[in-house]
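Participant: structure for this input, please:
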Amino acid sequence: MITACKIGRQKVNCDGKAFHRGEPPDPPGGTMIRDIVIHPCVGCGFCCVTRTCTFGVSRHPEARDRVCPELHWNGHRYICRLMQIEGRMGQFYRMELRCGNGCVSSQNPWRADVRERTPEEMAAIEKG
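Facilitator: Next up is the predicted model:
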């Protein structure tokens, strides 16, 4: 069975690659499509605390078992310092990390309560 997700009006494979030429072919047994609700990013930090991105791990291998040092509380919201890098490398990070595409985490309890988190709260989320 092929599984797929629908983001906005675009259907994508679960690996994130868009289907080409409209609808995907129906495999034997049908296709499972599920709708994903995309929320604007509010800077709660949940996504980054839950899973450090590949770039955060590669830049800070010593921080593999703790919150990424690139995640910063600016007094109003969390920001990723990788998003603030100028030039081509910054553009690359923003593109690869889907900056501006919003939050697709349906299990995000922090979205409605954006504030600086305690180390205990972050540790609880990191451990799952």
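Participant: what are the structural domain limits within the chain?
Facilitator: Domain assignment for the chain, taken from automatic domain parsing, gives 2-36, 46-127.
Participant: avg pLDDT for the longest one?
Facilitator: For domain 46-127, the mean per-residue pLDDT is 89.
Participant: quick check, M122 in a helix?
Facilitator: Yes: per DSSP: H, G, I helix; E, B strand; the rest coil, M122 lies within a helix segment.
Participant: that one: what's it in contact with?
Facilitator: 49, 67 (Cβ atoms under 8 Å, 6 or more residues apart in numbering). Glycine gets a C-beta too; all of them are placed from N, C-alpha and C.
Participant: not counting its neighbours along the chain, what's nearest the most centrally placed residue in the chain?
Facilitator: Residue closest to the mean C-alpha point of the chain, counted by Cα atoms, centre = their mean, is C47 at 5.4 Å. Closest residue to C47 apart from its sequence neighbours, by Cβ to Cβ, 6 or more residues apart in numbering: S105 at 6.0 Å.
Participant: relative to T50, how far out is that neighbour?
Facilitator: 8 Å (Cβ to Cβ, to the nearest Å).
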